[in-house]
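>>> sequence? don't have it. structure:
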């Protein structure tokens, strides 16, 4: 187990405790992490009380079909962009009973880099039901596994921060 997974497990446990206290239910919409965020959350015993569902939308077609991401948004900005992850969180909320959603789309590598978006670029969004999404892009270093683990940890921390601020 990597050091990241120890941190991920710790944050996921704290996230679950906070979600239970504040009666928050979550959903995930994941591309580059391929369900890793949902996996980390559901490793916590009792997570069915605060985790509703996860969407793994690795292709653009699946983002459109499952989450309602507009093809025009994908064409204009690319899958790894703030507008796309914002539409992903909105779609996850629309297709679930969650009150809070997170979405990630990125370039974990080793290939896939494009001008202006090197390997390690990951865009994320968090959205409460009925509110606008909050989003940001980050750059993570390391190999594919490291980029994915850093993304999972960052996404979970973002959820935890938003719940604790409520």
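Arrived safely, thanks for sending. Note that this is a predicted model, so its numbers are computed, not measured. Numbering: from 1, shown residues only.
>>> need the contact list for the residue nearest the centre of the chain.
Centroid check for the chain by C-alpha atoms, centre = their mean gives residue 103 as the closest residue, at 3.3 Å. Residues in contact with residue 103 (C-beta atoms under 8 Å, 6 or more residues apart in numbering) are 28-30, 85-86, 88-89, 92, 124-125, 127. Where C-beta positions appear, they are placed from N, C-alpha and C, glycine not excepted.
>>> name the nearest of those residues relative to residue 55.
Nearest to residue 55 out of those is residue 29 (C-beta to C-beta; 4.7 Å).
>>> from the rest of the structure, what touches the helix or strand containing the closest one?
Taking DSSP states H and E as the criterion, residue 29 maps to strand 26-30. With C-beta under 8 Å, 6+ apart as the test, strand 26-30 has contacts from 19, 35-38, 41, 50-57, 67, 85, 88-89, 91-93, 95-96, 98-104, 155, 159.
>>> from memory residue 98 sits against residue 89, does it?
No - in this structure residue 98 lies outside contact range of residue 89 using C-beta atoms under 8 Å: 9.6 Å.
>>> out of those two, which sits in the busier spot?
A count of neighbours by other C-beta atoms under 10 Å puts residue 89 above the other of residue 98 and residue 89, at 29 against 24.
>>> contacts only, for residue 163.
Going by C-beta under 8 Å, 6+ apart, residue 163 touches 15, 18-19, 22, 24, 100.
>>> quick check: closest non-adjacent residue to residue 114.
Sequence neighbours aside, residue 78 is the residue nearest to residue 114 in space, at 7.2 Å (criterion: C-beta to C-beta, 6 or more residues apart in numbering).
>>> now residue 35
residue 56 (4.6 Å).
>>> now do the same contact list for that neighbour.
Contact partners of residue 56, counting by C-beta under 8 Å, 6+ apart, are 30-31, 34-35, 38, 62.
>>> so residue 55: helix, strand or coil?
strand (DSSP: H, G, I helix; E, B strand; the rest coil).
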